[in-house]
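Student: Could you work out the structure for the sequence below:
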Amino acid sequence: VGGITFNATSGTGTVTLSGGPLLLSSGGTVQDSGTAGFFATVSSNITLEGNYTFANSNSNASGGLSFSGTVTGPTTVGTTTLTLNAANTSTNNSSSSIGGVIADGNTAGGAVLSLNKTGASYWTLGTTTADVVNTYTGATTVSQGTLQFFTGSSPNSAFTIGSPGTGNFAEFSVSPATGGTRTRTASLTFNGGGFGGVASAALNFNVGGGTTNSIENFGALTFDPGMVNGSVTGSGANTRVVFSGITRNSGSILYLGQPTQGIGTHPIASLTAGSANIVFTAAPTLSGDGGAAGTTDVSVLPYAEVNQGLGSSFQGLATYDSTNGLRAVNATTEEIALSTGMALFSQAGDSAATAGQNAKIAANTTLSGNTTVNALAVDVSGGQSPVITFNLDTTSLTVTSGAIVAGRNLTIGSGTAGGNGILAFGNTEGVLIATNGRTLKVNSAITGNGGLTIGLNYNGGLPTVTLTGANTFTGVTTVTANFGSGAGAN
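Tutor: From the prediction side, this is the model:
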């Protein structure tokens, strides 16, 4: 057959299409387009001989479309694309699903099946019980909305999340009902959103309350210009998210964690229940002096911010080590109060003056001489909105890693002539991050030739970054934002 439409206009319940194998032969759509709360189920095994769309466009939030049999690509050759569209407004993450195995088809003849997720709502692969391991080898693209795995996995497919420039929110969510070790994807690439509406790509893990630990493998992680938002929730077991490596392109920012679940707050080996670790088999390159954990010259991951721990709504600088994996920089032991002339040498007295210390600021501070730090963050425990004033407009604050994170309001430069100074990034890409409704205002003249990336991370409030200085920096300027799926971007 070609297309199939389920179109109930009244009543509730389930309508099921079952029987022998179903051959979809000419391209088209299988859809639930009704207005009633009917749930349409196809239990037949399906073969696709053309490009098809499985669409849940039922205008009733109780409606849905699910496939419990296998879905197999063509018996001939070439690439067939299956588009999973969810245009309805349902918040039920099971309203559109494929519970059977998705496969290429005639692999000997070179047949390949690819997936494309569109529409603002959910599609789910796999079930909540037995593991479903898809074998298709074509690419998987999430252009809009959420693609969710329960027990499902597609270990042979390279996943791309997000569609730059569209303003669409795209999310890949993993919600295993049971623990265990799974390889979810061959690789994972995030293309964060751009201007024109809600933005960004998201990776979320909702582990649930089980007692069996989870190890989730995803291959290599790549993220392009935009902001990637990730979180891990669940209280009953330990979760370890493993990537073989990380590639970050300029103009991108990685935010991980949320108040209910910090990242890397306990050692990986501890398997602490309710904790989460993110591990890179090939460790990421850090910026800084290479100091030991617990010292103020520990190196940072300048394009990332991580929640500072359980119960905290503030985000801070990020680092990585083999003990805890990706984690927040400890604001007590790994940051030191900003002061004039600091960090010209590392804490250990390194005469090479490589990168220096990580600075924090909790109160108004005046710099009366040139000052160099590795990274700068607002000390959120201070509860203030500090201002950095310079004694001269020619006095400089150099941030060698480029990373400045404002978990509270921060102003750099007094805003009056003679007190604005210079914010220098040298050859490094500057990364300015404002989060959680905070304002980061830079009155200083920004210099450097590595470009500038501005990250706005909505976490309960709309953040703002304002540049007022006579800036001379060169390179690409990228503004990227994460406002979730419904907040809207300004």
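Student: What residues are bridge-paired with Thr319?
Tutor: Thr319 has the following beta-bridge partners by DSSP bridges: Arg327.
Student: Next: Ala359.
Tutor: Applying DSSP bridges to Ala359 gives these bridge partners: Ile336, Leu376.
Student: give me the number of residues near it?
Tutor: By other CB atoms under 10 Å, the residues close to Ala359 number 25. For every residue, glycine as well, the C-beta is placed using N, CA and C.
Student: got it, and Thr416?
Tutor: If you count neighbours by other CB under 10 Å, Thr416 ends up with 10.
Student: what about the stretch 101-250 of the chain, any weak spots by pLDDT?
Tutor: Per-residue confidence of the stretch 101-250 of the chain (counting by pLDDT under 70) places the weak regions at 164-165, 167, 192-202, 205-210, 232-235.
Student: okay, how far is it across stretch 400-416, tip to tip?
Tutor: Stretch 400-416 has an end-to-end distance of 26 Å (CA to CA, to the nearest Å).
Student: same thing with stretch 425-435?
Tutor: Note: stretch 425-435 ends 21 Å apart using CA to CA.
Student: Number the chain from 54, please
Tutor: All right, first residue 54 from here; so that's stretch 478-488.
Student: can you pull the buried residues of that stretch?
Tutor: Across stretch 478-488, burial judged by 16 or more other CB atoms under 10 Å covers Phe478, Thr481, Glu482, Gly483, Val484, Leu485, Ile486, Ala487, Thr488.
Student: In helices, which of those fall?
Tutor: Judged by DSSP state H, helices contain none of the buried residues of stretch 478-488.
Student: Ends of stretch 320-340, what's the gap?
Tutor: The straight-line separation of the ends of stretch 320-340 (CA to CA) is 22 Å.
Student: Could you pull out the buried residues of it?
Tutor: Within stretch 320-340, the residues that count as buried by 16+ other CB under 10 Å are Pro320, Ile321, Gly327, Ser328, Ala329, Asn330, Ile331, Val332, Phe333, Pro337, Leu339, Ser340.
Student: and what of stretch 464-476?
Tutor: Using 16+ other CB under 10 Å as the test for burial, stretch 464-476 gives Thr464, Ile465, Gly466, Ser467, Gly472, Asn473, Gly474, Ile475, Leu476.
Student: for it, the distance to its chain's centre please.
Tutor: 34 Å (CA atoms, centre = their mean, to the nearest Å).
Student: what residues does that stretch touch?
Tutor: Around stretch 464-476, the neighbours that count as contacts under CB atoms under 8 Å, 6 or more residues apart in numbering are 420, 438-450, 452, 457, 483, 493-500, 521-522.
Student: Please pick the buried ones from those.
Tutor: Neighbour-count burial (16+ other CB under 10 Å) applied to these gives 420, 438-443, 446, 448-450, 452, 457, 483, 493-500, 522.
Student: Secondary structure class of the closest residue to Gln197 other than its chain neighbours, three-state.
Tutor: Excluding the flanking residues, the one nearest Gln197 by CB to CB, 6 or more residues apart in numbering is Asn221, at 4.1 Å. Classification of Asn221 by DSSP: H, G, I helix; E, B strand; the rest coil places it in coil.
Student: hmm, back to that, just curious, which of the buried residues of stretch 478-488 is nearest to Ser228?
Tutor: Proximity of the buried residues of stretch 478-488 to Ser228 (CB to CB) peaks at Thr488, which lies at 25.3 Å.
Student: neighbours around the nearest residue to Gly103 once chain neighbours are set aside, how many?
Tutor: Distances taken as CB to CB, 6+ apart place Gly80 nearest to Gly103, at 3.2 Å, with adjacent residues excluded. Gly80 has 15 neighbours, counted by other CB under 10 Å.
Student: can you name the two of the buried residues of stretch 320-340 that are farthest apart?
Tutor: The most widely separated members of the buried residues of stretch 320-340, counting by CB to CB, are Gly327 and Ser340 (31.0 Å).
Student: Could you dump the buried residues of stretch 464-476 into TSV with secondary structure added?
Tutor: As requested, these are exported to TSV (three-state DSSP):
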residue	secondary structure
Thr464	strand
Ile465	strand
Gly466	coil
Ser467	coil
Gly472	coil
Asn473	coil
Gly474	coil
Ile475	strand
Leu476	strand
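Student: Looking at those residues, spot the one nearest Asn266.
Tutor: Closest approach between these and Asn266, by CB to CB: Ile465, at 43.5 Å.
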